[in-house]
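> sequence unknown, structure follows:
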């Protein structure tokens, strides 16, 4: 029930831009939510986008810059002066500022860091040290913290002071004199407590926390486990470094799931849809080369049966059907297994059960699809023995698909490798080799006994 | 930094179970977080799991039941009496209770609904009416609401009263006499406000809200857009029905992304890794049948060139290499495009840019892989003209892969269909047909001109 921007709004905006009616442009877009402004900007022509962006005040520009896609962000950053960029970055939370600065050329990054004031600059530089896929890399340093000796009243004062610059406070972190985390107080507890009591009395003194070098995927799991909205980040001496809020974790969850599927499709996890052709080419070529090697492995199986094909050339027509169906069935199995492993639904103790199931499903699908394939081949007007071959080879290859599609991701998982990584390459090699071998091998036997 | 359960704990627990030392079992697991207990239970033998679960108090059992996987949940529910189940469901929030009851056989559901007390029962029955993938299906009815005429003091009292039974309050919802939502007050605002003021004065009177029939995917997008932690759900007359909290939305995000990839792999989105073989078979068979139809379409292309293969049987050895590489390259392209569309990075206005890029990447990968393939074929000891054929057909088919892998998901999106749905089936049909046609067609031309 958010008001979607209507097309006539865009047309209206475009004509205002043409007339350079700046006051009207600002009046028309400033009341919108930053993510709506971002959407509007990406639907304009590039020049119009840059022009409109230049009219925004630093605070709005800062929020909009974080909402647009990477591609537009690069264009916008390139379009403004270093001074303007510094003003915009200055408005950001430290984690967002660090993300933007990390993408800048070294020289420009230095200028911006010098411009944003030493306090924020120091915080951002600290954040830049953590790898971006760790708790330290996604945390922000903006938080409300009080000493364990503070009273409830002092704590409330602290929240009041900070609440103007920090959104989504949710919790107050309680620390000792060495800034070591000793407890957490959710805001609702502050409402009911008596003001003169020490904050210690109402804090949760066994707070869930994460180490700065914890992998972001693990952080997401901890958030989900505890249904947390915000979690403190500490170093190995328990010193409070920052906090992670749930909105950043949601992005992590999306990222991590897509990584699994990128790996399954033999893609580099850094590739994005708007990357340049040369970047995409460089990232995909090595994977395709591996696929090429496996394709030749399958071809060498066909080569063994060249004489068989020479005798009955129709075999060449139907052999890709068996191999292809095996590949499709295997992809179904791998996808179900990888999802089960990723969400924790598939514990290793269920491995045998799942393996038996997948082999049974492969067998049943082999029988039914084999029957259909045999009938269609018959309608193609070929020797009915080829239909029988198709039937038998389909069963064999769909059983191979179910077996390898389950076993290979599980083996990868067992050896602590990523079950998604290239599972598809290994498994489709099995089904290609299996498909050609079962179909052509059976054909050779049929020919030997004069059945074909 | 959560304490992982150590294996010796499990062994210890197993021996306690064998000795039926119930007090020790309870003492050992009750202090754990429900999701840790759930993990522990799934690592026991089935009988041990059921035995341990039977020892838990209803409140813990309720939390654990929501954390275990679907498979274990079914077993546990089947293992306890209706009375015990009723007690356990009674402890749950309405949205969780509705989810559990929705899975029960009709008779049992009725018994539980009658047992949990008419007030909660009425709420749960209301929730059961909403489809499970809508805002109504994922909302809970537990929330804090006050009339718009209430004072701050009265509002705080209301929060205090409810805070014992409702976790994660975050916001108070302000309604008029007809329970229509008129505003929202975040808890932190209550802390600073003067108690005698009307709550109206501090509320946000343009709250973001969602309609009960909004699709859950749309709900997740609204949460992400506004970085919300909780959102109210209303009917079309603005009447407040419930609220959705961010932890439920995180599950939705995971579900929706996996749905995309299930669709790409030709899978029914309801399939789970621990489903029975017959259920999996029934869900996969129709998709494989569609794939079989497309495989025969590709086979019929090969059939056209039967005479060509009869003349040079080695063509049969290498034709699957060209088709297979096209399929792999296409899968890369589709995956990148579907991800871009799902995350909103790929707006339709970038369509042309991405299409040109993918065709260029396909061309470049075709040239390089084509060269490698030609060299390998030469090492296989075949006519060097077959190497040339491989080179040319590889380029043609990888361009086809880039083109169809981009255009087909975009067309599906353009016509408001799901870009992930069966995109892979359509596209690999293109690359199979394209691969066989380009390789065998060129071969026929080569033969005609005496080059092969």
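Looks like it came in fine. The shown structure was predicted, so the numbers you read here are calculated from the model rather than taken from an experiment. Residues are numbered from 1 along each chain as shown, chains lettered A, B, ... in the order given.

> which residues in chain A form strands?
Remark: strands assigned in chain A by DSSP state E are A:145-147, A:171-175, A:181-186, A:210-211, A:230-234, A:240-245.

> using the record's domain definitions, break chain A down for me.
Chain A breaks down by automatic domain parsing into domains covering A:7-137, A:145-264, A:277-448.

> compute the number of surrounding residues for the closest residue to residue A:137 other than its chain neighbours.
Leaving aside its sequence neighbours, residue A:137 sits nearest to residue A:130 (CB to CB, 6 or more residues apart in numbering or on different chains; 4.5 Å). Where C-beta positions appear, they are placed from N, C-alpha and C, glycine not excepted. Using other CB atoms under 10 Å in any protein chain shown, residue A:130 is surrounded by 19 other residues.

> read off the pLDDT value for the residue in the stretch 301-450 of chain A that chain B sits nearest to.
Residue nearest to chain B within the stretch 301-450 of chain A: residue A:340 (3.1 Å; CB to the nearest CB). Residue A:340 is assigned 90 on the pLDDT scale.

> closest to residue B:200 out of the domains of chain A?
Closest to residue B:200 of those, according to CB to CB: domain A:145-264, at 18.7 Å.

> what about that closest one, how long is it end to end?
One end of domain A:145-264 to the other measures 44 Å (CA to CA, to the nearest Å).

> relative to the whole chain's centre, how far out is that domain?
For domain A:145-264, the gap between its own C-alpha mean and the chain's C-alpha mean amounts to 24 Å (CA atoms, centre = their mean, to the nearest Å).

> close to chain B, is it?
Yes - against chain B, domain A:145-264 shows contacts by CB under 8 Å from any CB of the partner chain at A:156, A:159-160, A:163, A:167-170, A:187-188, A:190-192, A:208-211, A:214, A:222-227, A:229, A:246-247, A:249-250, A:253-254, A:257-258, A:261-262, A:264.

> just to revisit the earlier point, the residue of the stretch 301-450 of chain A closest to chain B against residue B:271, yeah?
No - applying CB atoms under 8 Å as the test, residue A:340 and residue B:271 come out as separate, 10.1 Å apart.

> so for the two, which residue has more residues nearby?
More neighbours surround residue A:340 than the other of residue A:340 and residue B:271, with 20 against 17 (other CB under 10 Å).

> what about the helices in the stretch 101-250 of chain A?
Per DSSP state H, counting those that start in this stretch, the stretch 101-250 of chain A carries helices over the ranges A:106-115, A:118-128, A:135-138, A:152-162, A:187-192, A:216-226, A:246-264.

> name the helices or strands packed onto the shortest one?
Applying 3 or more CB pairs under 8 Å, 6 or more residues apart in numbering or on different chains; DSSP states H and E, one finds that helix A:135-138 makes contact with helix A:216-226, strand A:240-245, helix A:246-264.

> so where's chain A uncertain?
For chain A, the stretches with pLDDT under 70 are A:1-8, A:422.

> so how far is residue A:286 from the residue nearest to the spatial centre of it?
Closest to where the C-alpha atoms of chain A average out (CA atoms, centre = their mean) is residue A:255, at 1.7 Å. Residue A:255 sits 22 Å away from residue A:286, taking CB to CB, to the nearest Å as the criterion.

> any idea how far the closest residue to residue A:96 other than its chain neighbours is from chain B?
Spatial nearest neighbour of residue A:96, excluding adjacent residues (CB to CB, 6+ apart): residue A:66 at 5.5 Å. Applying CB to the nearest CB, to the nearest Å, the value for residue A:66 to chain B is 11 Å.

> type out the ChimeraX command that picks the buried ones from the residues of domain A:145-264 next to chain B.
Listed next is the ChimeraX selection for buried residues among the residues of domain A:145-264 next to chain B, using 16 or more other CB atoms under 10 Å in any protein chain shown:
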select /A:156,159,163,168,169,170,187,188,190,191,208,209,210,211,214,222,223,224,225,229,246,247,249,250,253,254,257,258,261,262,264
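
> tally up the residues packed near residue A:413, please.
19.

> surely it and residue A:421 touch.
No - judged on CB under 8 Å, residue A:413 makes no contact with residue A:421 at a distance of 10.4 Å.

> ok, the residue nearest to residue A:322 when sequence neighbours are not counted - contacts?
Leaving aside its chain neighbours, residue A:322 sits nearest to residue A:435 (4.2 Å; criterion: CB to CB, 6+ apart). Residues near residue A:435 by CB atoms under 8 Å, 6 or more residues apart in numbering or on different chains: A:319, A:322-327, A:393, A:397, A:400.

> and what of residue A:51?
residue A:17.

> any residues touching stretch A:203-218, and which ones?
Taking CB under 8 Å, 6+ apart as the rule, stretch A:203-218 contacts A:130-131, A:133-139, A:173-174, A:181-186, A:219, A:222, A:226, A:228, A:231-236, A:241, A:244, A:252, A:255-256, B:1-2.

> ends of that stretch, how far apart?
End residues of stretch A:203-218 are separated by 26 Å (CA to CA).

> stretch A:127-139 too?
End to end - CA to CA - stretch A:127-139 spans 8 Å.

> then stretch A:147-155?
End residues of stretch A:147-155 are separated by 9 Å (CA to CA).

> now swap in stretch A:259-271 and tell me
Termini of stretch A:259-271 sit 10 Å apart (CA to CA).

> now it, how far from the chain's geometric center?
9 Å.

> do stretch A:49-57 as well
With CA atoms, centre = their mean as the basis, stretch A:49-57 stands 30 Å off its chain's centre.

> tell me the buried residues in it?
By 16+ other CB under 10 Å, the buried positions in stretch A:49-57 come out as A:49-53, A:55-56.
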